[in-house]
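**Student:** pasting the sequence and the predicted model now:
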Amino acid sequence: MSSLKKIGIITYHHYYNYGTMLQAFALQKLVESCGCSAELIDFQNDESLGLSEIILLRIRRVPVYLLQFKKYITLATSKQILSKRCEIMEEFYKAYIKTGGKQYSTNEDLISDPPLYDGYVVGSDQTWNPYVGNRPEPFYLTFVNDNKKKGSYAPSFPVSNITKEQEEFLREKLGSFAFLSCRERSGAEYLERILGRQVKNVLDPTLLVDKKDWEKYEKNEAGIAHPNYIFVYLLGENSRHRDIINHIKYITGYPVVAVPMTYREMLDNDWEKAIVGPSGFLYLIHHASLVCTDSFHATMFSVNYNKSFFAFRRMRDNEKASNNSRVYDSLAMFGLGNRLIGSEEEIPKTMNIDYSVTNSILTEKRADSFDYLRRMLMEITQ
């Protein structure tokens, strides 16, 4: 590009979730590597409730609190852990995430005083998932008047069970985009059927950043000294997954180091707790002997770092809001479908993974995805 163009990126970014923050950082870096300046549009959906709504919600949830008393007591007594993790993640955010000068909390705010850029990009993460965040309209660039300046990079559309109303919404909001892409192959195909136009299947931005570049941001924040350990990062509360991990712990003899994201990890005293930010998260994956996770991004970082790993289904496939296709599509693409397990019997005989074929696929797909990003940025900034 002949001159430095300014790109405004809109995605989930200021949430204390490792994948969310790292994918936003990765896309920012990638846009800059294409010769543009990049900023995250500081939109955070305002879903706050009024006092009367909060009181009513609390009353309605009393039976749930009683049924899951142990869970809520554990969470209430673990505020120090949660607070410390948020503090470390905020440090990473302030150090590496670049945002515009104005904060927005509603679509109306953005329409009345839109941020000015040469081009606008939505993605990645679950920005187009109709069951996440009450489907915020800004993630469809409704505040951008010039359709030629609208592009998307790897928004997640991991569902195939949507209503006719949701299909109409997508046709209305996405039909005007100059460039359309999707992170899931099945999602891209589904959107193509709805929209009647090509939707490019591209890699998550975290996979476009080489592992050598990710190493620059690693820190041993938890002070881990084990030569071998199993890193556990679970966002769901499925006790069966924890039983399988304990079985793997038994047969390997390796200790478990877990980032406590649910009350179950806060209860497991024989699992070492690691309170870390994104830099510590990267370090724990990179230096683990084995990664066990139900997280899409922890799975993708395991692939990028060429680590041995096992992935779990966080949701049942028949759940309306199931987003399991995020992992299914990626593991199938990389020839790693056997790393998705649901029982001790499904554990492969060898823990190690031959990454020779996977790395060839990653190299080819990375080049193709980066070419799409570069072409999109060039055209939406003309």
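**Tutor:** Done, it's in.

**Student:** check which residues of stretch 34-45 are buried.
**Tutor:** Applying a neighbour-count criterion of 16 or more other CB atoms under 10 Å, one finds 34, 36, 38-43, 45 buried in stretch 34-45. Quick note: C-beta positions are derived from backbone N, CA and C, even for glycine.

**Student:** inside strands: which ones of those residues?
**Tutor:** Secondary structure assignment by DSSP state E places 36, 38-43 of the buried residues of stretch 34-45 in strands.

**Student:** about what we covered before: of all the buried residues of stretch 34-45, which comes closest to residue 270?
**Tutor:** Out of those, the one with the shortest distance to residue 270 is residue 45. That distance is 38.6 Å, counting by CB to CB.

**Student:** so what's the closest one closest to, chain neighbours aside?
**Tutor:** By the measure of CB to CB, 6 or more residues apart in numbering, the closest residue to residue 45 outside its immediate chain neighbours is residue 136, 4.6 Å from it.

**Student:** that neighbour: neighbouring residues, count only.
**Tutor:** Burial measure for residue 136: 19 neighbouring residues, criterion other CB atoms under 10 Å.

**Student:** from what I can see it touches residue 12, true?
**Tutor:** No: under the criterion of CB atoms under 8 Å, residue 136 lies out of contact with residue 12, with a separation of 9.3 Å.

**Student:** how about low-confidence regions in this protein?
**Tutor:** Low-confidence regions of the chain, defined here as pLDDT under 70, cover residues 1-2, 46-69, 72, 315, 317-324.

**Student:** 90 instead, please
**Tutor:** Counting by pLDDT under 90, the low-confidence segments of the chain come to 1-3, 15, 44-82, 101, 123-126, 129-136, 157-162, 265-270, 314-328, 342-351.

**Student:** can you pull out the strands in it?
**Tutor:** Using DSSP E, the strands of the chain run over 5-10, 36-43, 99-104, 119-122, 150-152, 181-182, 200-201, 230-233, 256-258, 272-273, 290-293, 309-311.

**Student:** which one, of the ones you listed, ends up nearest to residue 224?
**Tutor:** Comparing those by their distance to residue 224 (CB to CB), the top pick is strand 256-258, with 6.0 Å.

**Student:** show me what the closest one is packed against.
**Tutor:** Other helices and strands packing on strand 256-258, by 3 or more CB pairs under 8 Å, 6 or more residues apart in numbering; DSSP states H and E, are strand 230-233, helix 239-252, strand 272-273.

**Student:** and those, which is most packed in?
**Tutor:** strand 230-233 (a mean of 27; mean count of other CB atoms under 10 Å).

**Student:** which residues sit against that strand?
**Tutor:** 18, 245, 248-249, 252, 254-259, 261, 265, 271, 281, 284-285, 288-293, 295, 298 (CB atoms under 8 Å, 6 or more residues apart in numbering).

**Student:** buried among those residues? Make that a PyMOL selection.
**Tutor:** PyMOL command restricting those to the buried ones, with burial defined by 16+ other CB under 10 Å:
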select buried, resi 18+245+248+249+254+256+257+258+259+261+265+271+281+284+285+288+289+290+291+292+293+295+298
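
**Student:** isn't residue 204 right up against residue 181?
**Tutor:** No: between residue 204 and residue 181 no contact is recorded; they are 11.1 Å apart, counting by CB under 8 Å.

**Student:** quickly list what's touching both of these two.
**Tutor:** residue 154.

**Student:** from residue 212, how far off is the residue lying closest to residue 258 once chain neighbours are set aside?
**Tutor:** Counting by CB to CB, 6+ apart, residue 232 is the residue found nearest to residue 258 once chain neighbours are left out, at 4.0 Å. Counting by CB to CB, to the nearest Å, the separation of residue 232 from residue 212 is 25 Å.

**Student:** mind checking which of the strands of the chain is nearest residue 85?
**Tutor:** Taking CB to CB as the criterion, residue 85 comes closest to strand 272-273 out of the strands of the chain, the separation being 10.2 Å.

**Student:** tell me the strands beside that closest one, with direction?
**Tutor:** Sheet pairing for strand 272-273, assigned by DSSP bridges, gives strand 256-258 (parallel).

**Student:** centre of the chain to the strand it pairs with, how far?
**Tutor:** Here strand 256-258 shows a centroid-to-chain-centroid distance of 21 Å under the convention CA atoms, centre = their mean, to the nearest Å.

**Student:** so what touches that strand?
**Tutor:** If you take CB under 8 Å, 6+ apart as the criterion, strand 256-258 is touched by 222, 224, 226, 229-234, 245-246, 249, 265, 268, 270-274, 284, 288.

**Student:** let's go with 6 Å and repeat that
**Tutor:** The list of residues contacting strand 256-258 from outside it, by CB atoms under 6 Å, 6 or more residues apart in numbering, reads 229-232, 249, 265, 271-272, 274.

**Student:** now the two most distant members of those.
**Tutor:** Of all pairs drawn from these, the one with the longest distance (CB to CB) is 249 and 274, at 15.6 Å.
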